[in-house]
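What follows is a predicted structure for the sequence shown.
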Amino acid sequence: MGAENNESLDLLSVFLTGIPGLEAQHGWLSILFFTMYTVDIVGNSLIMAAVQADPALHEPMYLFLSMLSVTEVGVSVSTLPTVMGILWFDARQIDFDGCLSQMFFIHTFSCMESGVLLAMSYDRFVAIYNPLRYIAILTPPRIISTGLGISLKSVTLMAPLPILLRQLHYCHINVLSYSYCLHSDLIQLPCADTKLNSILGLAIVLATFGLDSLLIMVSYILILHTVLGIASREGQQKALNTCVSHICAVLVYYVPMIGVSVMHRAAKHASPLVHTLMSSIYLFVPPVLNPIIYSIKTKPIQQGIATLFSCKRQLL
């Protein structure tokens, strides 16, 4: 039975819906999505390059920001082939193993992004609560260990999802609701009981995004308590200003996620287009906005990118 199932999976193809109801506008939509991908990949790559090239940016805050950029590029690169394939060539078919691989990378990089945002909230807490020992606490080896720990945790948690999905028996109905493969969509396809997959998926969500968001809230409660203890109003404002970019990044990441979750549970009968757009906002908006937010709000990043371009002009 297992051999027959594996053989059938090797022949199984999955069909992606794309953007329902807007098929006639795929040409215009391809311009929008291509622009978002370009802004995301170029913007985040510039931040990574600036942090790597400028010794003044080799501080914990900017090293964590560079990690955030890596995860956001990872999410975008994971979705880009199928999204642009549908919009440009109407290529809706993807083999089952390719779909599982895409699902794994999308969820892994999303989990890593959540973990990095948590690490950045701890970075802000240390910087405000104990500024004199900031560099001594968040040393480069500890930052690297944190990044590796986040990556290992994400891969370990997400690895069982494609493995379990591959053990199930599938029907002939193999159409997904989006332009990419997500676990919540894939568990609707099997003819077998998917209760274990659903429980595991929920447990992973609670252990990652749920716990991370809770700890980020705790970090900012402690930060606010510390800031209120600063005597001067100018000192309070200066301390809070160092958190503005991170707060924006957290809101940009978690608000769409909460919106998708609420829509999935409370508005099941809403138009498929609404669900697709909400999911797209969750996946595509944070990687586009975060480089812009940090470039506008963080002067050292502006200077680092300017230095990067000036060095390139000198080389030319």
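Received it, and whenever you're ready, just let me know what you need. Remember, it's a predicted structure, so these values are computed and weren't measured experimentally.

for the record, mean pLDDT for stretch 113-124?
Average pLDDT, stretch 113-124: 97.

send the alpha carbons of it over as CSV?
Presented in CSV, the C-alpha positions along stretch 113-124 are these (Å, rounded to 0.1, in the frame of the first residue of the first chain):
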residue,chain,number,x,y,z
GLU,A,113,11.1,35.9,10.5
SER,A,114,9.0,35.6,13.6
GLY,A,115,11.9,34.4,15.6
VAL,A,116,14.2,37.2,14.4
LEU,A,117,11.5,39.8,15.3
LEU,A,118,11.5,38.3,18.8
ALA,A,119,15.3,38.5,19.0
MET,A,120,15.1,42.1,17.9
SER,A,121,12.7,42.9,20.7
TYR,A,122,15.1,41.4,23.2
ASP,A,123,17.9,43.5,21.6
ARG,A,124,15.8,46.7,22.1
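
Now for the nearest residue to Leu165 once chain neighbours are set aside: which residues touch it?
Nearest residue to Leu165 in three dimensions, chain neighbours excluded: Leu186, at 5.8 Å (CB to CB, 6 or more residues apart in numbering). For every residue, glycine as well, the C-beta is placed using N, CA and C. Counting by CB atoms under 8 Å, 6 or more residues apart in numbering, Leu186 makes contact with 99-100, 103, 165, 176.

can you put the residues you listed in JSON lines and add pLDDT?
JSON lines is the format used below for these (pLDDT from 0 to 100):
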{"residue": "Cys99", "pLDDT": "95"}
{"residue": "Leu100", "pLDDT": "95"}
{"residue": "Met103", "pLDDT": "96"}
{"residue": "Leu165", "pLDDT": "93"}
{"residue": "Leu176", "pLDDT": "90"}
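
Give me the residues contacting the one helix or strand Pro256 maps to.
Here Pro256, judged by DSSP states H and E, is contained in helix 244-266. Defining contact as CB under 8 Å, 6+ apart, one finds that helix 244-266 is touched by 68, 113-114, 117, 120-121, 124, 184, 209, 213, 216, 220, 270, 274-275, 278-279, 281-282, 285-286, 289-290, 293-294, 297-298.

Could I get the buried residue list for that helix?
Within helix 244-266, the residues that count as buried by 16 or more other CB atoms under 10 Å are 245-250, 252-254, 256-257, 260, 263.

Lowest-confidence one in these?
Per-residue pLDDT puts Met263 lowest of the buried residues of helix 244-266, at 71.

was I right about Val155 contacting Thr108?
Yes - contact status for Val155 versus Thr108: in contact at 5.9 Å, counting by CB atoms under 8 Å.

Which residue of these two possesses the greater neighbour count?
Remark: of Val155 and Thr108, Thr108 carries more neighbours, 23 against 13, as counted by other CB atoms under 10 Å.

Can you name the helix or strand that the more buried one falls in?
Assigned by DSSP H and E, Thr108 belongs to helix 96-129.

Show me which residues of that helix are buried.
96, 99-100, 102-129.

Pull out the buried positions in the helix or strand following that helix.
Following helix 96-129 in sequence order, the next helix or strand is helix 134-137 (DSSP H and E). Across helix 134-137, burial judged by 16+ other CB under 10 Å covers Tyr134.

Name the surrounding residues that touch helix 134-137.
Applying CB under 8 Å, 6+ apart, the set of residues contacting helix 134-137 is 59-60, 126-127, 130.

that older thread, any quick PyMOL command for the buried ones out of the contacts of helix 244-266?
Per 16+ other CB under 10 Å, the buried members of the contacts of helix 244-266 correspond to this PyMOL selection:
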select buried, resi 68+113+114+117+120+121+124+184+209+213+216+220+275+278+279+281+282+285+286+289+290+293+294+297+298
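
centroid residue for this protein?
Geometric centre of the chain, nearest residue: Ser110, 3.5 Å, by CA atoms, centre = their mean.
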